[in-house]
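In: model this:
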Amino acid sequence: MRQFIIFIFIIFSLSITNAQNRQVIDKVVGVVGQELVLLSDIEDQFSLAKKRQPELESEARCIIMDQVLAQNLMLNQARLDSIVVTENEVESQLDARIKQILQYMQGDEKQFEEYYGATVPQVRAQFRVDLENKLLIERMQQSIITDATVTPSEVKDFFNLIPRDSLPFFNSEVEVAEIVIYPSKNEVEKTKAREKLASIRQQIVDGAQFAELAKKNSDDPGSGAQGGDLGWATRGSYVGEFEAAAYNLETNELSEIIETQFGYHLLELLERRGNSIHVRHILITPDITSPDEELAHNLLDSVRFLIVTDSLPFTYAVNRFSDEDIPSYTNGGNLVNPKSGNTFFEVGDLEPDVYFTIDTMEVNDLSAPFEFTDQTGRKGYRAILLRSRTKPHKASLEFDYSKIKAAALESKKNKFMSDWVGQKIKSTYIELDSQFAGCEDLEKWKEGY
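Out: All right, here's what the predicted structure looks like:
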């Protein structure tokens, strides 16, 4: 029998597939403990999968049913084990998802209502139960696989079980690290920015509209166009100084001027719901002058000289000089591939400026400083170290241990889940509709009492 692989159903993403056109087929086709499976649950998932894979056969409903039963088995057990998901957790995730959808629609709530056939609060209410169940399933799954680990010998055994003619082929990959220095804002420009924001604050105190002044003046292009509105967020969403000020405000209270790495902010708390806050802000960023930029470039150039002449270890230079707010700072300067979670990049996955910088470099070379603009729009200077480069090759323990280890761990987690499902089926009431009687994938579910 093929290895059972648990698939966590992303309830929310399925729910947003034009919900107003969803045809609810009100027929129970499965029971797992106290949880019911509707035919509409299966048909919704099959329809979504069919859009992605038009060649999908109708038999795929059997696999989907298998997955939905497993999800309901975990949900049923989560309730029996009294696993808790707090209201704040649900609300914060709902806020993030609704905000993301509205961003795709440029904040147009009318378009939102036309698409879903319901208002934002109504859609939130529709999604709330599904999202709470999804979080319970995830928490249950995590408790099942929490002890799954692999030893080096298990990694080797896993690799040796792969037929040699089935080993994956990896393209050329590189590991890179960076030192990043941003120009410091000089005191003259900082004073100008602060005075400008102080004037804006006084205008608001005197009766001017916060939103209008944000649209005209804020240096945050994303929120500025929305009148400074940042939407709902939970603790940890903002930089420290900003967050501390935001959580100390009363509803509709206007803050004093707050300084962060981005510049000077004026905040207003619009709403608060438990641990979630809804704020808007106006950002005024001090100008960076040419002398400021030159100082940053020259500093990085001097640091590079010390490194290449073996007068300064690279990792020490990162800790001493690189910007502390960039992700690579806490990783010894190493860049992490967001796709894989490890430090290996196919060259095509690199940022263009990094790709072209390392193109002619040798391993352990450190590039000259070059200018770049980060995702927040800040201009800075970075030097890139090429740590390693592999040639295109078949998977091997020598070059791809971390990838093979990750695959071995995933396989072990799947085994944990498969074993757990098999055991829980035997002690859980299971009922299947006759229309799924011919599904080979569902044979194990008939063992439920």
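In: When you work out contacts or count neighbours from here on, use the C-alpha atoms and nothing else.
Out: Will do.
In: Strands along the stretch 301-449 of the chain, start to end?
Out: Remark: strands assigned in the stretch 301-449 of the chain by DSSP state E, counting those that start in this stretch are 345-346, 370-373, 379-389, 393-394, 430-432.
In: Now for the residue lying closest to Glu271 once chain neighbours are set aside, how many residues are close by?
Out: Nearest residue to Glu271, sequence neighbours excluded (C-alpha to C-alpha, 6 or more residues apart in numbering): His278, at 5.1 Å. Neighbours of His278 under the rule other C-alpha atoms under 10 Å: 19.
In: Surely His278 is in a strand?
Out: Yes: checked against DSSP: H, G, I helix; E, B strand; the rest coil, His278 lies within a strand.
In: in terms of contact, does it touch Gly231 like I think?
Out: Yes: using C-alpha atoms under 8 Å, His278 is in contact with Gly231, at 5.3 Å.
In: Ramachandran coordinates for the residue positioned nearest the centre of the chain?
Out: Centrality entry for the chain: nearest residue to the mean C-alpha point is Pro338, 9.1 Å, by C-alpha atoms, centre = their mean. In terms of degrees, to the nearest 10, the main-chain angles of Pro338 are phi -60, psi -20.
In: pLDDT score for it?
Out: With respect to pLDDT, Pro338 scores 88.
In: got the contact list for it?
Out: Residues counted as contacts of Pro338 (C-alpha atoms under 8 Å, 6 or more residues apart in numbering): none.
In: Any buried residues in the helix or strand harbouring Phe242, and which?
Out: Taking DSSP states H and E as the definition, Phe242 sits inside helix 240-247. Under the neighbour-count criterion of 16 or more other C-alpha atoms under 10 Å, helix 240-247 has 242, 245-247 buried.
In: what's the following helix or strand after that helix?
Out: strand 258-260.
In: tell me the contacts of His281?
Out: His281 touches 214, 223, 228-230, 265-268, counting by C-alpha under 8 Å, 6+ apart.
In: Looking at the helix or strand it falls within now, give me its mean pLDDT.
Out: In this assignment (DSSP H and E), His281 forms part of strand 276-284. Averaging pLDDT along strand 276-284 gives 92.
In: now do stretch 242-255
Out: 93.
In: picking that back up, kindly give a single PyMOL line that selects the buried subset of the contacts of His281.
Out: Filtering those down to the buried ones (16+ other C-alpha under 10 Å) takes a single PyMOL command:
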select buried, resi 214+223+228+229+230+265+266+267+268
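In: Which members of the contacts of His281 occur in strands, if any?
Out: Judged by DSSP state E, those include 229-230, 265-268 as members of strands.
In: quick check, nearest of these to Arg304?
Out: Distance to Arg304 across the ones in strands among the contacts of His281 (C-alpha to C-alpha) is lowest for His265, with 34.5 Å.
In: Could you list everything that closest one pairs with in the sheet?
Out: For His265, the beta-bridge partners are Ile258, Leu283 (DSSP bridges).
In: Please read off the pLDDT at it from the model.
Out: Looking at His265, the pLDDT reads 96.
In: Contact partners for it?
Out: 197, 242, 257-259, 281-284.
In: can you tell me which two in those are farthest apart?
Out: With C-alpha to C-alpha as the measure, no two of the contacts of His265 lie farther apart than Leu197 and Phe242, at 15.3 Å.
In: circling back to that earlier point, most neighbours among the contacts of His265, which one?
Out: Ile282 (29 neighbours).
In: List the residues that contact that residue.
Out: Here Ile282 is in contact with 213-214, 217-220, 224, 228, 265-267 (C-alpha under 8 Å, 6+ apart).
In: how far away is it from Ile204?
Out: Ile282 sits 11 Å away from Ile204, going by C-alpha to C-alpha, to the nearest Å.
In: cool, Ala406 as well?
Out: Distance from Ala406 to Ile204, by C-alpha to C-alpha: 54 Å.
In: now Gln111
Out: Counting by C-alpha to C-alpha - Gln111 and Ile204 are separated by 31 Å.
In: what stretches of the stretch 201-350 of the chain score poorly on pLDDT?
Out: Applying pLDDT under 70 to the stretch 201-350 of the chain flags no residue at all.
In: Now for Leu56: which residues touch it?
Out: By C-alpha under 8 Å, 6+ apart, Leu56 lies in contact with 49-50.
In: Comparing Gln111 and Ile204, which shows the higher neighbour count?
Out: Counted by other C-alpha under 10 Å, Gln111 and Ile204 do not tie: Ile204 has more neighbours, with 16 against 13.
In: Need phi/psi at the more buried one.
Out: In terms of degrees, to the nearest 10, the main-chain angles of Ile204 are phi -70, psi -40.
In: tell me, how many neighbours does the residue nearest to it when sequence neighbours are not counted end up with?
Out: Nearest non-adjacent residue to Ile204, counting by C-alpha to C-alpha, 6+ apart: Phe210, 6.1 Å away. Neighbour count for Phe210, taken as other C-alpha under 10 Å: 22.
In: and what of Arg272?
Out: Quick note: Arg272 (other C-alpha under 10 Å) scores 17 neighbours.
In: Hmm, Leu249 and it touching each other?
Out: No: when contacts are counted by C-alpha under 8 Å, Arg272 is not listed as touching Leu249 (9.7 Å).
In: Which helix in this structure has the most residues?
Out: If you go by DSSP state H, the chain has its longest helix at helix 397-426.
In: Could you check how far that one is from the centre of its chain?
Out: Distance, stretch centre to chain centre, for helix 397-426: 23 Å (C-alpha atoms, centre = their mean, to the nearest Å).
In: likewise stretch 244-261?
Out: That offset, for stretch 244-261, works out to 27 Å (C-alpha atoms, centre = their mean).
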